[in-house]
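> Predicted model and sequence follow; I will ask about them next.
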Amino acid sequence: MTNILVTGGAGYIGSHACKALKAAGYTPVTYDNLSTGWQEAVKFGPFEQGDLTDRARLDQIFAAYQPVAVMHFAALSQVGESMREPGLYWHNNVAGSLNLLQAAVQAGCKNFVFSSTCATYGDQDNVILDETSAQHPINAYGASKRAIEDMLRDFEVAYDLRHVIFRYFNVAGCDPAGEVGEFHQPETHLIPLMLDAIEGKRDALTIFGTDYDTPDGTCIRDYVHVCDLVDAHIHGLKWLEDDKGSRVFNLGTGAGFSVREVIDQSAAITNRPVPVVEGPRRPGDCTKLVSGSTRAEAELAWRPVRSSLDQMIADAWRWHQTGHYEK
Ligand code: UDP
């Protein structure tokens, strides 16, 4: 079997990627420190607990499994936290990824699929962002991911480590079969927080800012279903296996929805009211992040099939009522 090292394989996106990898005939080897992930979510291949900052442990994992590629999901990923504690992001995301890249090079592993983010683009006056758009992140999370992208480019030149970089827009939804799902503790993301509020698990959803320069005053994001997103990763892996060279792809749908639109849609799908309160802006938030995704469709033959807002909320709602993990 062909081993793929999946950092962050116990997390939301990583666990869905492991399921997709297994279905595609690979063995996903999860490397995760369980700081935000769940061992219970590791269902599709071996689990190795470890931290990105532990180089000796990484070397040991590369030697033991001889992975042909790395899929690197492990990261701190909260915009708000990154503004309050940027050092965590530079240490864990940037220094941790440097360790991982060095370990991959030393082990002779040549293919690297990296989870980057639309947060690397920053606020850009309502443009549709494509892969050639300038990258001016306005929060430490985006800055840390951009730094890793730079590192990958340098490592390609020096060591021929090939990369596919995916810049995710907002990931939502869950495995329709319910084997894995989205469960963060504490939760910070819009859709699961809203579903909590609908279920009465929290008093209300706070809308972070109603004075943005958008039609209804709330931020606009481009939501993509996690199953479509991880499917793109399988295409990305094949792209590297076919020796097509390093490439960057946005992953979104090109459709932007405001926070209020997501709330209204959720009320309609669940047939329940969403208790909301209006609050101030969250530091670090961009006004609008919408993807031009034609490159992934044209070059990877990627077709998002579950990424309508209705489908994402419906899948998330089903999981939300039954699924959770325990430490
Ligand atoms: N948001 C909100 N209230 C919340 C959480 C998020 O209004 O409790 C907004 C947030 O300001 C952003 C959008 O919802 O405009 C998506 O935020 P999320 O944290 O889900 O993802 P991010 O865009 O930060 O990756």
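All right, it came through fine. Numbers count the residues shown, from 1 in each chain.
> helix, strand or coil for Val277?
Three-state assignment for Val277 (DSSP: H, G, I helix; E, B strand; the rest coil): strand.
> Can you pull out the low-pLDDT segments for the stretch 151-300 of the chain?
Counting by pLDDT under 70, the stretch 151-300 of the chain contains no low-confidence range.
> mind checking how far the closest residue to the ligand within the stretch 101-250 of the chain is from Gly173?
Of all residues in the stretch 101-250 of the chain, the one sitting closest to the ligand is Cys219 (3.1 Å; Cβ to the nearest ligand atom). Every residue, glycine included, has its C-beta placed from N, CA and C. With distances taken as Cβ to Cβ, to the nearest Å, Cys219 is found 19 Å from Gly173.
> OK, contacts around the closest residue to Asn92 other than its chain neighbours?
Counting by Cβ to Cβ, 6 or more residues apart in numbering, Asn92 lies nearest to Leu76, which is 5.2 Å off, once chain neighbours are set aside. By Cβ atoms under 8 Å, 6 or more residues apart in numbering, Leu76 lies in contact with Thr36, Ser82, Leu88, Tyr89, Asn92, Asn93, Tyr141, Ser144.
> So for the last one, what's the pLDDT?
The confidence metric pLDDT takes the value 98 at Ser144.
> buried set for the helix or strand harbouring it?
Assigned by DSSP states H and E, Ser144 belongs to helix 140-159. Residues of helix 140-159 classed as buried: 140-149, 151-152, 155-156 (neighbour count, 16 or more other Cβ atoms under 10 Å).
> Redo these as JSON lines? Include distance to the ligand.
Formatted as JSON lines, the buried residues of helix 140-159 follow (distance: Cβ to the nearest ligand atom, whole Å):
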{"residue": "Ala140", "distance to the ligand": "13"}
{"residue": "Tyr141", "distance to the ligand": "8"}
{"residue": "Gly142", "distance to the ligand": "10"}
{"residue": "Ala143", "distance to the ligand": "14"}
{"residue": "Ser144", "distance to the ligand": "14"}
{"residue": "Lys145", "distance to the ligand": "11"}
{"residue": "Arg146", "distance to the ligand": "15"}
{"residue": "Ala147", "distance to the ligand": "18"}
{"residue": "Ile148", "distance to the ligand": "17"}
{"residue": "Glu149", "distance to the ligand": "17"}
{"residue": "Met151", "distance to the ligand": "22"}
{"residue": "Leu152", "distance to the ligand": "21"}
{"residue": "Phe155", "distance to the ligand": "26"}
{"residue": "Glu156", "distance to the ligand": "27"}
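> Output the residues you listed in JSON lines; the columns should cover distance to Glu297.
Listed next are the buried residues of helix 140-159 as JSON lines, based on distance: Cβ to Cβ, whole Å:
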{"residue": "Ala140", "distance to Glu297": "31"}
{"residue": "Tyr141", "distance to Glu297": "27"}
{"residue": "Gly142", "distance to Glu297": "24"}
{"residue": "Ala143", "distance to Glu297": "28"}
{"residue": "Ser144", "distance to Glu297": "28"}
{"residue": "Lys145", "distance to Glu297": "23"}
{"residue": "Arg146", "distance to Glu297": "24"}
{"residue": "Ala147", "distance to Glu297": "28"}
{"residue": "Ile148", "distance to Glu297": "25"}
{"residue": "Glu149", "distance to Glu297": "21"}
{"residue": "Met151", "distance to Glu297": "28"}
{"residue": "Leu152", "distance to Glu297": "23"}
{"residue": "Phe155", "distance to Glu297": "28"}
{"residue": "Glu156", "distance to Glu297": "24"}
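> tell me the contacts of Asp51?
Asn33, Arg57, Gly96.
> Would you check how far apart it and Gly37 are?
From Asp51 across to Gly37, the span is 12 Å (Cβ to Cβ).
> How about Leu88?
Look at Leu88 and Gly37: by Cβ to Cβ, they are 16 Å apart.
> Have a look at the two and say which one is more surrounded.
Taking other Cβ atoms under 10 Å, Leu88 and Gly37 do not tie; Gly37 has more neighbours (25 against 16).
> Return the distance of the more buried one relative to Asp175.
The value you get for Gly37 to Asp175, if Cβ to Cβ is used, is 15 Å.
> can you list the residues of the stretch 151-300 of the chain near the ligand?
170, 188-190, 193, 205-208, 219, 221, 259, 282, 285 (Cβ under 6 Å from any ligand atom).
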